[in-house]
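A.B. asks: Need coordinates for the following:
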Amino acid sequence: MDVEWSARARTDMRELRTYIAQDSLYYARRFIEKILKAAETLTQHPQIGRKVPEAEDREDIRELLFQNYRIIYRIKTDRIYIVTVIHGSRDLTQQEKKPWEVE
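C.D. replies: All right, here's what the predicted structure looks like:
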């Protein structure tokens, strides 16, 4: 299975890198590389992430936890689709449209 990043997830990663780079460009790059590596594990083990609590009973919406971040993805027939990368403290229950509802 291949990993595909949504436009939103790519924007999340750019913003995260920019934020960390305010203190250290080196650590910003390393952090992003580690997130990418974590996401790559999904190619061999797509079910490794837990079900997203806010996604109710959807089996196809899962998340990997990486440090304080949630890598939320959808399992599709032929690929893993990363929908967003958000800080774990963000509350998705109050969002009218959930990240996995947007393509």
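A.B. asks: Just the buried residues of the strand of greatest length in the chain, please?
C.D. replies: Across the chain, the longest stretch assigned as strand under DSSP state E is strand 79-87. By 16 or more other Cβ atoms under 10 Å, the buried positions in strand 79-87 come out as 79-86. All C-beta spots, glycine's among them, are computed from the backbone N, C-alpha and C.
A.B. asks: Repeat that for stretch 21-35.
C.D. replies: Buried residues in stretch 21-35, counted by 16+ other Cβ under 10 Å: 28, 31-32, 35.
A.B. asks: got the contact list for it?
C.D. replies: Residues outside stretch 21-35 that contact it (Cβ atoms under 8 Å, 6 or more residues apart in numbering): 13, 16-20, 66, 69, 71, 85.
A.B. asks: Convert it to CSV, retaining C-alpha atoms only.
C.D. replies: Output in CSV follows, covering the C-alpha atoms of stretch 21-35 (Å, rounded to 0.1, in the frame of the first residue of the first chain):
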residue,chain,number,x,y,z
ALA,A,21,12.0,26.2,12.9
GLN,A,22,11.4,29.5,14.9
ASP,A,23,13.6,27.9,17.5
SER,A,24,15.7,25.4,15.5
LEU,A,25,15.7,24.6,11.8
TYR,A,26,17.7,21.4,12.6
TYR,A,27,15.1,20.1,15.0
ALA,A,28,12.2,21.1,12.7
ARG,A,29,13.7,19.0,9.9
ARG,A,30,14.3,16.1,12.2
PHE,A,31,10.8,16.2,13.7
ILE,A,32,9.2,16.2,10.2
GLU,A,33,11.4,13.4,9.1
LYS,A,34,10.3,11.3,12.1
ILE,A,35,6.6,12.0,11.4
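A.B. asks: ok now that stretch, how far from the chain's centre?
C.D. replies: Counting by Cα atoms, centre = their mean, to the nearest Å, stretch 21-35 is centred 16 Å from the centre of its parent chain.
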